[in-house]
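Novice: Sequence and computational prediction follow.
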Amino acid sequence: MDIVQFLARGCRALLVLALLLPVFSAAAQVADTARYLGGIKEVELADVEVAPEAVDTKGWLLLNQEVQQELNGAVHNLYNFKFDRADRQFRSLRRRYPEHPMAYFLMGLSTWWKILPTNLGTKQYDRTFFAYMDTATTKAKALYDADKHNYEACFFLSAAYAFDARLHAERHDWRKATVGVKRSLEYMDKSKEANDLSPEFLFGQGLFNYYSGWISDEYPWLRPVLLFFPKGNHDLGIEQLRMVGKNGFYTATEARFFLMRILGSEREHEENAALNVARKLVAEYPDNSYFERNYAMLCFREGDWAGCEQASKSILRKLNEGMPGYEGYSGRYATYFLGFLMQYRYHKLAEARDYYQRCIVFSETLSNTSGGYYQGAAFNLGKLAEADDDLRGTKRYYQMVVLAGDRMAPSYKEATSWLRSHKE
C-alpha cells in the first residue's frame, strides 16, 4: 500500500498561512513577485523579545482583561464553528468600540474559518472576508498614525495584511498578495518592541522564524527575492509558537493549529507530537471539521485505529446533519479511512467497497481526482474486484488509478503492470 507516500506528499504541499508564502506558491509568478517587492525595506527581526521601555497601553483591547473575559466564549465559538454565536458577540464589541480594529479583524477571522475547511476553494465569502480585513487595516492605521508607538495597531495591521495576502495568493492576485506581505512584515517588525507585554505579539514572529529558515532551500527560485528578508531561526520559531499556544488568548488556537501542521509535516516528521496537539484541539473544539479531519489523518498515520475510526464516523455523522464546515473535503478523508479499516482491519469487504465508492464520489464532486485519496480508493476497489475475479471491475478501477496520474505511487505502477498484462 502507498497510503503513507501520498499522505506525505500532501504534507509537502502544505500552503503556509505565514507572512511569506502567500505570494510564493507558484514558480510561474516569480518575475512579477520580484518586481512588486522592489521597494521593500530590509526588515530586521530580533531573535529575542525586546521589552518596551515606556508604552502607553491605554485603550489597548488586546490587554484588556474585561474584554478577554467577555470574548472568551466568542473565541471558543469561532473555533468550534458556532459562527452565528461568535459573530453576534463580535458585533456587540464593534458597537462599543467602532473605531477599534479588533472586532473587524475577529469577524474577518470568523469568515476565514468558513473558507478554510473547503481547502480555500469556496469563493462565496471572499468579498465579506476582504471587506472585514480592509476595515481592520483602515482602523488600525488610523490608530498607528495617531501614535507611532501603538504596537497593538501594528499587531492588527500585520495580522490583517497577512491573512488578506494569503487569500489573494490563493486567488492568484499576486500583486495584492505581495503588497500585503510587504506591509505585514513591516508592521510585524515594528510590533516586536511589545513582545514582553503580551504573547500575542510573538505569533507572527514565530511563524516567520520557522518558515523563513528553509524557504530558500524549498523554493530556490525565490533566493533573489529573499535577499530582502532576514534569516529565520527554526528552533526559536517552534518555541515561540509553543509559548503562544500555551499563554496566548486570541492567537493561542492559531499557534496550536500551526504546530499541528508543522510537527506533522515531512520536514519535522514528529507525527506523534502533532497527534497530541490535534487530540487536544479536537477535545476543546469537537465541532471544528478541520481539526477533526486532521486528527483522523494523524491517527491513521500513527496507527491509532480506534481514534481514526471514531473521528471518521463523527465526521460523516456531522456531515449528514449539515453542520457548518462539514462538507465533501472532510467526507473524502473519512470515507477513505473507514474503507481502509473495513478492508484491512475488520475484513468487512462490502462495507469497504461502499466507503471507497463514496470517497470517489466526494472526490469527483470536488473535482479532486489527482492522486491522493481518489487514487487510493480506486486502487483498493481494483484489488477487491481482482480478488473476486471481476475482470471488468478490476480493469475499470485500475484505469482510474492510472488516470489519477501520480506516477511515483506504487499503486500506479501495480495498476499499470496489471493493465499491460491484461490487454485484450
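Specialist: Okay, I see it.

Novice: who are the neighbours in contact with Glu254?
Specialist: When contacts are counted by C-beta atoms under 8 Å, 6 or more residues apart in numbering, Glu254 touches Phe203. Heads up, the C-betas are built off the backbone N, CA and C, glycines and all.

Novice: Low-confidence bits of the stretch 201-350 of the chain, can you list those?
Specialist: Applying pLDDT under 70 to the stretch 201-350 of the chain picks out residues 213, 215-230.

Novice: Next one: the residue lying closest to Asn233 once chain neighbours are set aside from Ser265, what distance?
Specialist: Excluding the flanking residues, the one nearest Asn233 by C-beta to C-beta, 6 or more residues apart in numbering is Asn209, at 4.7 Å. Between Asn209 and Ser265 the computed distance is 16 Å (C-beta to C-beta, to the nearest Å).

Novice: Wait, His234 touches Asn209, no?
Specialist: Yes. Counting by C-beta atoms under 8 Å, Asn209 is a contact partner of His234 at 7.1 Å.

Novice: Specify which residue of those two has the higher count of neighbours.
Specialist: Asn209 (25 against 15; other C-beta atoms under 10 Å).

Novice: For the more buried one, what are phi and psi?
Specialist: When quoted as degrees, to the nearest 10, the phi and psi of Asn209 stand at phi -60, psi -40.

Novice: my guess is it meets Gly237, correct?
Specialist: Yes. Using C-beta under 8 Å, Asn209 is in contact with Gly237, at 3.2 Å.

Novice: average pLDDT across whichever strand or helix holds Lys182?
Specialist: Using DSSP states H and E, Lys182 sits in helix 174-191. What helix 174-191 shows for mean pLDDT is 87.

Novice: For that helix, output the C-alpha coordinates as PDB.
Specialist: In PDB, the C-alpha atoms belonging to helix 174-191 read as follows (Å, rounded to 0.1, in the frame of the first residue of the first chain):
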ATOM      1  CA  TRP A 174      -0.100  38.200  -7.000                       C
ATOM      2  CA  ARG A 175       0.200  42.000  -6.900                       C
ATOM      3  CA  LYS A 176      -2.100  42.400  -4.000                       C
ATOM      4  CA  ALA A 177      -0.700  39.400  -2.200                       C
ATOM      5  CA  THR A 178       2.900  40.700  -2.500                       C
ATOM      6  CA  VAL A 179       1.900  44.200  -1.300                       C
ATOM      7  CA  GLY A 180       0.100  42.600   1.700                       C
ATOM      8  CA  VAL A 181       3.200  40.500   2.600                       C
ATOM      9  CA  LYS A 182       5.400  43.600   2.400                       C
ATOM     10  CA  ARG A 183       3.200  45.600   4.700                       C
ATOM     11  CA  SER A 184       2.700  42.700   7.100                       C
ATOM     12  CA  LEU A 185       6.400  42.200   7.600                       C
ATOM     13  CA  GLU A 186       7.000  45.900   8.100                       C
ATOM     14  CA  TYR A 187       4.400  46.200  10.900                       C
ATOM     15  CA  MET A 188       5.500  42.900  12.500                       C
ATOM     16  CA  ASP A 189       9.000  44.400  12.700                       C
ATOM     17  CA  LYS A 190       7.500  47.500  14.500                       C
ATOM     18  CA  SER A 191       5.400  45.400  16.900                       C
END
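
Novice: which helices and strands does that helix pack with?
Specialist: Counting contacts by 3 or more C-beta pairs under 8 Å, 6 or more residues apart in numbering; DSSP states H and E, helix 174-191 packs against helix 30-36, helix 151-170, helix 202-212.

Novice: ok, of those, where does mean pLDDT dip lowest?
Specialist: For these, where the average pLDDT is lowest is helix 30-36, sitting at a mean of 35.

Novice: could you point out which element follows it?
Specialist: helix 65-79.

Novice: and the closest residue to Ala404 other than its chain neighbours, how many neighbours?
Specialist: Once flanking residues are discounted, Ala404 sits nearest to Gln375: 3.7 Å by C-beta to C-beta, 6+ apart. By the criterion of other C-beta under 10 Å, Gln375 has 26 neighbours.

Novice: What distance do you get for Arg267 to Tyr211?
Specialist: Here Arg267 is placed at a distance of 10 Å from Tyr211 (C-beta to C-beta).

Novice: nope, Tyr346 is what I meant
Specialist: Tyr346 is 41 Å from Tyr211, where distance means C-beta to C-beta.

Novice: got it, and Leu202?
Specialist: Noted for Leu202: a distance of 15 Å to Tyr211, by C-beta to C-beta.

Novice: go on, Asp173?
Specialist: 21 Å.

Novice: Same drill for these two, tell me which one is more crowded.
Specialist: Neighbours around Asp173 and Tyr211, counted as other C-beta under 10 Å, are more numerous at Tyr211. The numbers are 21 against 15.

Novice: Can you add distance to Lys313 and give the helices and strands packed on helix 174-191 back as a markdown table?
Specialist: As requested, the helices and strands packed on helix 174-191 are exported to a markdown table (distance: least, C-beta to C-beta, whole Å):
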| stretch | distance to Lys313 |
| --- | --- |
| helix 30-36 | 44 |
| helix 151-170 | 31 |
| helix 202-212 | 34 |
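
Novice: Please name whichever of those helices is nearest to Ala296.
Specialist: Closest to Ala296 of these, according to C-beta to C-beta: helix 151-170, at 24.1 Å.

Novice: before we move on, the earlier item: I'd like to know which of the helices and strands packed on helix 174-191 lies nearest to Phe300.
Specialist: helix 202-212 (25.2 Å).

Novice: Please identify the buried residues of the closest one?
Specialist: Leu202, Phe203, Gly204, Gln205, Gly206, Leu207, Phe208, Asn209, Tyr210, Tyr211, Ser212 (16 or more other C-beta atoms under 10 Å).

Novice: What helices and strands are in contact with it?
Specialist: So helix 202-212, by 3+ C-beta pairs under 8 Å, 6+ apart, packs with helix 151-170, helix 174-191, helix 234-247, helix 252-263.

Novice: Next, the angle from it to helix 252-263.
Specialist: With axes from the mean of the first three to the mean of the last three C-alpha atoms, to 10 degrees defining the directions, helix 202-212 sits at 10 degrees from helix 252-263.
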